[in-house]
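**Student:** Okay, here's the prediction I keep looking at, along with the sequence it came from:
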Amino acid sequence: MFILLAFALTICASPAWGNNPNPNSPPKGVGDGVNFGAQETRASGTGGLEDSLLRLERQWLDAWVKRDLKTIDGLWADDAFGVAERRYSKPDLGNSATLSQLGEYSIADLTSISLGPDAAVLSYRLDLLPNKGYCYASSAWVRRDSRWSLVWHQDGPANDTATRDLTPGEPTVGNPRLRRPTQTASPLEEKLLQNELRVQDSWKRKDTTTLDSLWADGFLLIRGQRYPKNLYLRGVSLIGVKDYTVTDIQSRTLGSEAGLISYLLALQLPTNEDGVVAKIRSYTTSVWLKHGTRWSGVFRHDTPINPN
């Protein structure tokens, strides 16, 4: 069975991912532990916390390089999960006979989002050196019992390569719109899911006013590239959605005032003049931060998946 930690960087290293945007630029530094990481370039940050979490992020990437499952096991929380074109859990990490090859790399376009004193998200471009392409990756770290642990990691291609399954006729996805497991969801998951369904319903209506109120001013979307809030809203106004389903839902608490929700999103675009329906599927993960009684979305990472 092709286990996902291996699968994720196999994709990340493949030609389908972006080409190195600076193919002639050498690494600018040296990563912690082994000589694989490079000096990162940063978009924003939280100072000492960002530096500490970046060191931890490099530690697990370096462990990936060395196939050091013991170190990865120590850095990943027991309830951690990852997303590439499929979702995988911590126990899956030890089931692969050989992890995919990850050699020299550098971290660029680093953004950190503080979620209070005990949680943060790191998002960055992972350049695979020399000249082997790049991907976008994100991780959520949480401090539990004075120890920082990774609870979520996701990566996705460096271009918006959303799979469009072109099918003639009327769409069938979306009825029911929400399919979920039988277990009872936590109050946090119910609230975050309610927020996400409002997002999808607003997108269907091209209601950028509601979306503007749901997303924080500093909202960032990762889907093949980085989209700040204004570009995201512009895209919503241009791209119609006829229906959607939300399945395979997971959520995690991030500190005392934040949460993360991840799910498989299936979209159907309006039928074109040739009677063709485009279907797009992706794993979507959003991070929400509570301000008093109001929740605001601060970050989203979408990873398009193939239909097979």
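**Tutor:** Noted; the coordinates are in hand. In this text, all values refer to a predicted model and were calculated from it rather than measured experimentally. Numbers count the residues shown, from 1 in each chain.
**Student:** what's the closest non-adjacent residue to Leu115?
**Tutor:** Counting by CB to CB, 6 or more residues apart in numbering, Ala258 is the residue found nearest to Leu115 once chain neighbours are left out, at 3.9 Å. (C-beta placed from N, C-alpha, C; glycine too.)
**Student:** Does the one you found touch Gly116 like I think?
**Tutor:** Yes - using CB atoms under 8 Å, Ala258 is in contact with Gly116, at 6.5 Å.
**Student:** So the two - more neighbours on which side?
**Tutor:** Ala258 (26 against 14; other CB atoms under 10 Å).
**Student:** for the protein, what are the low-confidence residue spans?
**Tutor:** Applying pLDDT under 70 to the chain flags the ranges 1-47, 94-102, 158-184, 274-276, 307-308.
**Student:** The helix or strand Val65 falls within - contacts with which helices or strands?
**Tutor:** Assigned by DSSP states H and E, Val65 belongs to helix 48-66. Applying 3 or more CB pairs under 8 Å, 6 or more residues apart in numbering; DSSP states H and E, we find helix 48-66 packed against helix 69-75, strand 105-114, strand 119-128, strand 134-144, strand 147-156.
**Student:** how about 6 Å then?
**Tutor:** Using 3 or more CB pairs under 6 Å, 6 or more residues apart in numbering; DSSP states H and E, the elements in contact with helix 48-66 are helix 69-75, strand 119-128.
**Student:** Could you list the paired strands of the last one along with their orientation?
**Tutor:** Right, the one you point to is strand 119-128. Applying DSSP bridges, strand 119-128 is found paired with strand 105-114 (antiparallel), strand 134-144 (antiparallel).
**Student:** Make TSV out of those strands and add distance to Thr253 and mean neighbour count.
**Tutor:** Converted to TSV, the strands paired with strand 119-128 look like this (distance: least, CB to CB, whole Å; neighbours: other CB atoms under 10 Å):
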stretch	distance to Thr253	mean neighbour count
strand 105-114	16	21
strand 134-144	8	23
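**Student:** For the ones you listed, give me TSV that also has distance to Lys242.
**Tutor:** Converted to TSV, the strands paired with strand 119-128 look like this (distance: least, CB to CB, whole Å):
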stretch	distance to Lys242
strand 105-114	32
strand 134-144	28
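**Student:** Tell me, how many residues neighbour the residue nearest to Pro228 when sequence neighbours are not counted?
**Tutor:** Once flanking residues are discounted, Pro228 sits nearest to Leu220: 6.2 Å by CB to CB, 6+ apart. Close neighbours of Leu220, defined as other CB under 10 Å, add up to 24.
**Student:** separation between Leu220 and Glu50?
**Tutor:** Per CB to CB, to the nearest Å, Leu220 is found 15 Å from Glu50.
**Student:** cool, Ile113 as well?
**Tutor:** Between Ile113 and Glu50 the computed distance is 10 Å (CB to CB).
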